[in-house]
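Undergrad: next input, structure requested:
(one chain, ligands or ions: 1)
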Amino acid sequence: MTLLELQQVSKSFLSPTSETKALANITATIQAEEFVSLIGPSGCGKSTLLSLIAGMTQATAGSISLYGKPITGPSKEVGYMLQQDYLFPWLTVWENIMLGLTLQHMQDEKHVVFAENLLQDVYLSDKKDVYPDNLSGGMKQRVALIRMLTSNPSLLLLDEPFSAIDHQTKLQLEQTVASIVKQHKKTTLLVTHDILEALAMSDRIILLSRRPGTIQKIFDVPESLRSLPPLEARLHPDAHSLFTVVWKEMMQDDNTSSISKEARS
Ligand SMILES: Nc1ncnc2c1ncn2[C@@H]1O[C@H](COP(=O)(O)OP(=O)(O)OP(=O)(O)O)[C@@H](O)[C@H]1O
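TA: Numbering: from 1, shown residues only. Just a heads-up that it's a prediction; the model follows:
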């Protein structure tokens, strides 16, 4: 079943003196319960695409629909999580989580119990009354994850949620996200710069070209990786051979990006 459909989506940012073409003619569909990663060189429009799907900005051309209905603004059906947690420092963990529900008028018993269970799943029940300043970066991201999940959105948009934390915590969080997404049958679109992370977590990987971002290539992740938890998938030989394939494709388009400069230096 198709959950998300993008038809010829383009986005330009206009200023009085210039126009930045961020995305051009993006056409793609994402099926319910699919996990898709979005990769591509810096500035190719990955975050812009997520904010369009989240209904935070409007496309310049084309259409985006969720369950066949056009996206016209933010919706309860779509959860959005960024690199930084944006927890309110003057609220406790539990108050931060409840705020999300209150703002969406969803503070009923069913959702409160759901939030309590999720908090338990990520081993943070004992941190309910703690303020964010007393949490590690990984804990803050887990709270932000639960805050997003409590309203039970169908589609999760994750914009580099693991990039601001240390490597060990990132690997643990990948495991947590993968298991929650599977257990709760979510559809997920993840923006990442980490090709191995994309291979370890996804069913498909969409590679965007450099700006204006167009779909350069879509990779199907083989069952040998999809059947494994991310930590094991990262270590599988297929992940390493596919890494090379994806990397080469990325470099074909992008001889001027910071990544290729780094690789050549
Ligand atoms: N609000 C805005 N106003 C003007 N230009 C913008 C705006 N948001 C993004 N852009 C531009 O659009 C292009 C795409 O930006 P975007 O942040 O989507 O890229 P990205 O692929 O997510 O980059 P990165 O991987 O570095 O996070 C960039 O050139 C950026 O400067």
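Undergrad: what does the stretch 1-150 of the chain have sitting close to the ligand?
TA: 13, 20, 22, 40, 42-48 (C-beta under 6 Å from any ligand atom). Yep, even glycine has a C-beta here, placed from its N, CA and C like the rest.
Undergrad: and the stretch 151-265 of the chain, by the same measure?
TA: residue 211.
Undergrad: in the stretch 151-265 of the chain, where is pLDDT below threshold?
TA: 253-265 (pLDDT under 70).
Undergrad: all helices of the stretch 51-200 of the chain, in order?
TA: Along the stretch 51-200 of the chain, counting by DSSP state H, counting those that start in this stretch, helices occupy 93-103, 109-121, 137-149, 167-183, 195-201.
Undergrad: the longest one packs against which elements?
TA: Pointing back at helix 167-183 there. Judged by 3 or more C-beta pairs under 8 Å, 6 or more residues apart in numbering; DSSP states H and E, the packing partners of helix 167-183 are helix 109-121, helix 137-149, helix 195-201, helix 230-235.
Undergrad: closest to residue 72 out of the ones you listed?
TA: helix 137-149 (20.7 Å; C-beta to C-beta).
Undergrad: and the closest one, how far out from the chain middle?
TA: Mean C-alpha position of helix 137-149 versus that of the full chain (C-alpha atoms, centre = their mean, to the nearest Å) differs by 13 Å.
Undergrad: repeat that for stretch 6-24.
TA: On the basis of C-alpha atoms, centre = their mean, stretch 6-24 sits 21 Å off its chain's mean C-alpha point.
Undergrad: and the residues of the stretch 1-150 of the chain next to the ligand as a markdown table, adding secondary structure?
TA: Shown next, in a markdown table, are these (DSSP: H, G, I helix; E, B strand; the rest coil):
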| residue | secondary structure |
| --- | --- |
| 13 | strand |
| 20 | strand |
| 22 | strand |
| 40 | coil |
| 42 | coil |
| 43 | coil |
| 44 | coil |
| 45 | coil |
| 46 | helix |
| 47 | helix |
| 48 | helix |
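Undergrad: report the buried members of those residues.
TA: Buried by 16 or more other C-beta atoms under 10 Å: 22, 40, 44-48, out of those.
Undergrad: okay if I get those residues as JSON lines plus pLDDT?
TA: Formatted as JSON lines, those follow (pLDDT from 0 to 100):
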{"residue": "22", "pLDDT": "96"}
{"residue": "40", "pLDDT": "95"}
{"residue": "44", "pLDDT": "94"}
{"residue": "45", "pLDDT": "96"}
{"residue": "46", "pLDDT": "96"}
{"residue": "47", "pLDDT": "95"}
{"residue": "48", "pLDDT": "96"}
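Undergrad: any chance of the residues you listed in CSV, plus distance to residue 227?
TA: Below are these laid out as CSV (distance: C-beta to C-beta, whole Å):
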residue, distance to residue 227
22, 36
40, 26
44, 30
45, 32
46, 27
47, 30
48, 33
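Undergrad: quick check, pLDDT for the residue nearest to residue 154 when sequence neighbours are not counted.
TA: Among residues not flanking residue 154 along the chain, residue 77 sits closest, at 5.0 Å (C-beta to C-beta, 6 or more residues apart in numbering). On pLDDT, residue 77 comes in at 93.
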